[in-house]
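Colleague: Quick check, what structure comes out for this input:
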Amino acid sequence: MGRILKYLFIIIILCGIGLIAYAYVGPWFGADFSAPTAEVRKPVILDAN
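Modeller: Down below sits the predicted model:
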């Protein structure tokens, strides 16, 4: 049981490091993480009595 938890912990740490590395290196490979810049307007109907 201890071995499984040890390996699971190592896998979680490696996934975290991989996610951080992808966040830094992703834009060089074409991944675009920027938010959309289009303005969105939607009417709001308030039900005030």
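Colleague: where along this protein do the helices fall?
Modeller: Listed in chain order, the helices of the chain (DSSP state H) span 2-25.
Colleague: Need phi/psi at Lys42.
Modeller: phi -130, psi 140 (degrees, to the nearest 10).
Colleague: scratch that, Asp32
Modeller: With angles defined as degrees, to the nearest 10, Asp32 sits at phi -110, psi 110.
Colleague: so how far is Gly18 from Gly30?
Modeller: Counting by C-beta to C-beta, to the nearest Å, the gap from Gly30 to Gly18 is 18 Å. From N, CA and C alone the C-beta is placed, and that goes for glycine too.
Colleague: Neighbour count: those two, which is higher?
Modeller: The residue with more neighbours, out of Gly30 and Gly18, is Gly18; 10 against 6, by other C-beta atoms under 10 Å.
Colleague: Quickly note the distance from that one to Gly26.
Modeller: Distance check for Gly18 against Gly26: by C-beta to C-beta, it reads 11 Å.
Colleague: ok, now Glu39?
Modeller: Between Glu39 and Gly26 the computed distance is 26 Å (C-beta to C-beta).
Colleague: ok, these two, which is more surrounded?
Modeller: Comparing Glu39 with Gly26 by other C-beta under 10 Å, the one with more neighbours is Gly26, at 12 against 5.
Colleague: Once you drop chain neighbours, what's closest to that one?
Modeller: Phe33 (6.6 Å; C-beta to C-beta, 6 or more residues apart in numbering).
Colleague: show me the residues around the one you found that make contact.
Modeller: Each residue near Phe33 by C-beta atoms under 8 Å, 6 or more residues apart in numbering is listed here: 23, 26-27.
Colleague: Give me the distance between Phe9 and Arg3.
Modeller: For Phe9, the distance to Arg3 - C-beta to C-beta - is 11 Å.
Colleague: Asp32 now?
Modeller: Taken as C-beta to C-beta, the span from Asp32 to Arg3 is 41 Å.
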